[in-house]
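Enquirer: Here is a sequence with its predicted model. Questions after.
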Amino acid sequence: MRRCICPGSFDPVTNGHLDVIERASSLFDEVVVAVLTNVSKRSLFDIDERMDMLRIVSAHLGNVRIESFAGLLVDFASRHGITAVVKGLRAVTDFDYELQMAQMNHRLSGLETLFVATNPDYSFLSSSLVKEVASYGGDVTGLVPDPVLHRLHQRLEQR
């Protein structure tokens, strides 16, 4: 069975993330979307909320499952018998950082990284940018899946 991991913080999941997950789903028998727990980073949504949103927006993909992890990605991958990572690249700046991560992961454990060029419709998109625009009342419709958009508006109204 060909398995891969798509890691990230997904705070919140965007249409760019979902595009990469869908494309990985068409290439692998199983895709594990691994949501990073990072206690030093202040998230808008807690880990359970992010995982729930990912489950909802990826429900149409029968070979995708959602997990969380803390620590090194290579350790998570090793525990789950996963030998490949799929990462989306938006721009050259992403490549510089992601290449270093890929090379370190390979050095540590032999974990392979496959880069997927982001759909041009989402090449500018990041969770941070979505949160910033939405926090100032900007319209992020079409940048995140509808169920995420609803939760994003609810969360920002609570603040």
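Expert: Ah, there it is.
Enquirer: Scan this structure for its longest helix.
Expert: In the chain, ranked by residue count with DSSP state H as the criterion, the top helix is helix 92-109.
Enquirer: quick one: buried residues of stretch 43-52?
Expert: Under the neighbour-count criterion of 16 or more other Cβ atoms under 10 Å, stretch 43-52 has 43, 44, 45, 47, 49, 50, 51 buried. Yep, even glycine has a C-beta here, placed from its N, CA and C like the rest.
Enquirer: where exactly do the strands run in this protein?
Expert: Residue ranges of the strands in the chain, as given by DSSP state E, are 3-8, 30-36, 64-69, 84-89, 112-117.
Enquirer: Report the distance from the second one to the chain centre.
Expert: Per Cα atoms, centre = their mean, to the nearest Å, the displacement of strand 30-36 from the mean C-alpha position of its chain is 8 Å.
Enquirer: got the angle between it and strand 3-8?
Expert: Note on geometry: by axes from the mean of the first three to the mean of the last three Cα atoms, to 10 degrees, strand 30-36 and strand 3-8 are set 30 degrees apart in direction.
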